[in-house]
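A.B. asks: Mind looking at a prediction? Sequence and model below.
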Amino acid sequence: MGQSTGHQDDDPTSESTTFSFAGARKGFVACVPVAFGVAGYGVLFGVLAEQAGLSVAESALMSATVVAGAAQVIAIGVWDQPIPVALVVGTAFVVNLRYLLMGASLRPWFEELSPLQAYSSVFVMADENWALTMQEFRSGNPTGAFLLGSGIAIWAFWVLATVLGAVAGGVIDDPATYGLDFMLTAVFITIAVGLWEGRSDLLPWLVAGGVAAGSAQLLGGQWYILFGGLAGAGVEMIRYDD
Amino acid sequence: MTIEWSALTIELNPFVVAVIAAMGVATYVTKAGGLWLLGRVDLSPRVASGLEILPGAIIVSILAPELIGAPLATWLAAGVVLVVAWRTESITLSLAVGVVAILALRTVL
């Protein structure tokens, strides 16, 4: 295995990867407790999507087809009338670029599966079930259907929770009365705290915030979000090797 | 609280559906891309560290300009959410405390 996924020090392929119903069920069961936690975010996403003007059906459709929490919440954050299409799609793409790394880390096991098995499994890949799957693989169980099974658990809870949230959000007529207009800011703060990995994040985050604030002043629209994010990633790449 | 049952819409606006579909495709490309691309192209650890920082950097980019123009109540409530999220790692608790804080602060300030 020549590719530099950062995980090639494991010896993953002593046993060949299986793809079975039992494996999918194992992943599903292992992921249910995690999926409950994801459902909490789903309810929240539903409420926020409803506030942003999406219908219950549209919110559910987004959760069912995009299946990426952070990207969806960010899309809702920039959602407007008219919809800034390029920004919404562009931000979703950039936020999700980290999935490239996660997909790559699956390769040692997934290259033994058929393309249909591998490429349908990654549709339901989220941070949580990817982490569980890597744990499973690295502990010596090449259960190929684990990602699909655990992903189906996440998907089902995520979509159902979105519907619940969108319905709940729809019956509240004045969000500001209940402090819900502050909710999106609060959600972003909690996500940021969860993503914080230590002091080395400080510099790229400061640069991101500074560039975003500066370009928000200079330019109209909300492109500053992408500029800030890309500037943060740029700094991280430049100072790599420290 | 006034309940607006009419707000429970199940309509699908074709344009919104198209935007959602484009988001779905963009996301799937990143998920499948790692499997497909990386057998063929090597991603250096430098680029990998850049990709890993992106979600956090983008969230900060959303928050910074928003907070700069915000009233004091928002700043203080944001601080409360930050501390609670940090100490408890509970989303539910952080948000609940945050909403109580913003309502209280808006009344006081």
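C.D. replies: Good, I have the coordinates.

A.B. asks: which residues of chain A score low on pLDDT?
C.D. replies: A:1-14, A:175-176, A:242 (pLDDT under 70).

A.B. asks: Let me see the domain layout of it.
C.D. replies: Using automatic domain parsing, the domain ranges for chain A come out as A:18-195, A:196-242.

A.B. asks: now chain B
C.D. replies: Looking at automatic domain parsing, the domains of chain B come to B:11-42, B:54-109.

A.B. asks: Out of those domains, which is the most enclosed?
C.D. replies: domain B:54-109 (a mean of 19; mean count of other Cβ atoms under 10 Å in any protein chain shown). Just so you know, the C-beta spots here come from the backbone N, C-alpha and C atoms, and that holds for glycine as well.

A.B. asks: What mean pLDDT does that one get?
C.D. replies: For domain B:54-109, the mean per-residue pLDDT is 93.

A.B. asks: Report the spatially closest residue to residue B:66, excluding sequence-adjacent ones.
C.D. replies: Once flanking residues are discounted, residue B:66 sits nearest to residue A:185: 6.5 Å by Cβ to Cβ, 6 or more residues apart in numbering or on different chains.

A.B. asks: that's a strand at that neighbour, yeah?
C.D. replies: No: Residue A:185: not assigned to a strand; according to DSSP: H, G, I helix; E, B strand; the rest coil it is helix.

A.B. asks: What residue in chain A comes nearest to chain B?
C.D. replies: Of all residues in chain A, residue A:103 sits closest to chain B, at 2.1 Å by Cβ to the nearest Cβ.

A.B. asks: Compute the number of surrounding residues for that residue.
C.D. replies: Neighbour count for residue A:103, taken as other Cβ atoms under 10 Å in any protein chain shown: 26.

A.B. asks: so it sits in a helix?
C.D. replies: Yes: under the criterion used here (three-state DSSP), residue A:103 sits inside a helix.

A.B. asks: Where does the residue nearest to it when sequence neighbours are not counted fall, secondary structure wise?
C.D. replies: Sequence neighbours aside, residue B:34 is the residue nearest to residue A:103 in space, at 2.1 Å (criterion: Cβ to Cβ, 6+ apart). Counting by DSSP states H and E, the element that carries residue B:34 is helix B:14-37.

A.B. asks: Show me how far that helix is from its chain's centre.
C.D. replies: 18 Å (Cα atoms, centre = their mean, to the nearest Å).
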